[in-house]
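# Here is a sequence together with a model predicted from it:
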Amino acid sequence: MGAEGTRGRHGGAGRGRRRARRRSRIRILTAVAVPAALIGVVVVLAPRWAGGDGAPAAAAASKPSPVAASRSPTPSAKAGRGAKPSPSVKPSPTRIPASGPGTFTTARADTSSSGRYAYRVEVEDGSGVDPEEAADRIARILAAPRGWAQGGTRTFHRVASGPAGLVVRIATAATTDRICGQGGMNTHGEVNCRIGEKVMVNLKRWQTGSPEFDGPLDDYRALIINHEVGHWLGHGHETCPGRGRPAPAMMQQIYGLKGCVANAWPYDENGAYLGGPSVP
């Protein structure tokens with residue numbers, strides 16, 4: 001029993017010394033490993049600190065690791081998720097009053113021209129349309145070779161006072177409806193009319209054209225004048241003469257082209273009348 005007890009005490013002491021040596025080695029390895037880990041962190045993070053999001057092109061050219069890309073989204077990716085796009089700036093549309101005072105300003109006479117038909121141009125006050133500028137446009141339409149002048153067959157001259165067999169008025173929708181209504185016509189706040197010697201041009205149509213007319217606004221203004229002056233000259237409504245052909249100026253093109261091509265003029269380049277079947 002004494003021999004067995006002596007060996008046990010010596011064995012326990014040896015094991016204690018070995019455990020102490022192992023703990024010492026662990027402390028030494030830990031002391032070495034921690035600085036190494038810190039150095040590793042510095043090596044990994046240093047390029048990010050140096051370059052940031054605005055790294056030079058050479059640094060940006062190197063392919064980032066998937067981990068780095070997932071942790072550090074680029075500025076564009078951040079903006080795409082969180083930032084709202086700035087609203088686009090749209091031009092302010094021309095304000096078109098729906099009604100006016102019912103009073104008119106008359107454009108000056110054109111003393112440089114003379115013609116068989118005297119006409120006057122009047123623009124409703126407050127409409128935003130310059131009477132002189134509108135009168136010049138109307139003069140060009142009436143004198144155009146493809147218009148009712150037909151190369152000099154009919155001639156017009158603008159007056160500011162005195163007798164005028166034709167009066168072209170540009171007016172708000174409400175005023176147009178009221179005056180056209182005196183002749184029993186309902187223009188619905190949308191279209192033009194001719195009543196007696198007066199051609200009433202709806203301001204909305206003069207300023208915006210028609211969604212059915214595929215052409216510049218100046219051409220649609222020509223159609224307005226040619227259509228209503230055509231009525232004044234005694235022409236009735238006409239319809240499309242065939243698919244792909246020019247729509248007659250006397251066709252109500254605002255209600256659809258029925259297969260024809262939009263056209264503003266009563267005559268073609270050779271002086272031939274661009275007509276169609278009469279509408280009862």
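Alright, I've got the coordinates. Source: prediction; values computed, not measured.
# Would you mind confirming that L166 is in contact with R116?
No: contact criterion CB atoms under 8 Å: L166 and R116 do not qualify, at 11.1 Å. Backbone N, C-alpha and C define where each C-beta goes, glycine included.
# Now do the shared contacts for those two.
When CB atoms under 8 Å, 6 or more residues apart in numbering defines a contact, the residues bordering L166 and R116 alike are F156.
# For the lengthiest strand in the chain, name the packing helices and strands.
Ranked by residue count and defined by DSSP state E, the top strand of the chain is strand 117-124. When contacts are defined as 3 or more CB pairs under 8 Å, 6 or more residues apart in numbering; DSSP states H and E, strand 117-124 packs onto strand 104-106, helix 131-143, strand 156-158, strand 166-171.
# Dump the ones you listed to JSON lines, plus mean pLDDT and mean neighbour count.
Shown next, in JSON lines, are these (pLDDT from 0 to 100; neighbours: other CB atoms under 10 Å):
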{"stretch": "strand 104-106", "mean pLDDT": "98", "mean neighbour count": "18"}
{"stretch": "helix 131-143", "mean pLDDT": "97", "mean neighbour count": "18"}
{"stretch": "strand 156-158", "mean pLDDT": "95", "mean neighbour count": "22"}
{"stretch": "strand 166-171", "mean pLDDT": "98", "mean neighbour count": "24"}
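# any chance of the ones you listed in CSV, plus distance to L233?
CSV is the format used below for the helices and strands packed on strand 117-124 (distance: least, CB to CB, whole Å):
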stretch, distance to L233
strand 104-106, 23
helix 131-143, 11
strand 156-158, 11
strand 166-171, 9
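# for this structure, which spans come out with low pLDDT?
Where the chain drops to pLDDT under 70, the residues are 1-94.
# mind running it again at 80?
1-94, 113, 151 (pLDDT under 80).
# hang on, the earlier thing: closest to E212 out of the helices and strands packed on strand 117-124?
Proximity to E212, assessed across those by CB to CB, is greatest for helix 131-143 (19.6 Å).
# Not counting stretch 106-124 itself, show me its contacts.
By CB under 8 Å, 6+ apart, the residues outside stretch 106-124 that reach it are 100-105, 129-132, 134-135, 138-139, 142-143, 154-172, 175, 203.
# all helices of the stretch 51-200 of the chain, in order?
Under the criterion DSSP state H, counting those that start in this stretch, the stretch 51-200 of the chain contains helices at 57-61, 66-71, 75-82, 131-143, 173-181.
# Tell me which other helices or strands the last one touches.
For helix 173-181, the contact count by 3+ CB pairs under 8 Å, 6+ apart identifies strand 193-195, strand 198-202, helix 203-208 as packing neighbours.
# Could you save the ones you listed as JSON lines and add columns showing distance to E122 and mean neighbour count?
Formatted as JSON lines, the helices and strands packed on helix 173-181 follow (distance: least, CB to CB, whole Å; neighbours: other CB atoms under 10 Å):
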{"stretch": "strand 193-195", "distance to E122": "14", "mean neighbour count": "19"}
{"stretch": "strand 198-202", "distance to E122": "9", "mean neighbour count": "24"}
{"stretch": "helix 203-208", "distance to E122": "12", "mean neighbour count": "20"}
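# check contacts around G242.
Per CB under 8 Å, 6+ apart, neighbours of G242: 259-260.
# Quickly note the distance from it to K258.
Relative to K258, G242 is positioned 10 Å away (CB to CB, to the nearest Å).
# do A144 as well
25 Å.
# who's more crowded, those two?
Set side by side, A144 and K258 show more neighbours around A144, with 19 against 14, by other CB atoms under 10 Å.
# How about the contacts made by R140?
Applying CB under 8 Å, 6+ apart, no residues contact R140.
# Roughly how far does it sit from G162?
23 Å.
# for A174, same thing?
29 Å.
# For the two, indicate the residue with more neighbours.
When neighbours are counted by other CB under 10 Å, A174 and G162 differ, and A174 comes out ahead with 16 against 8.
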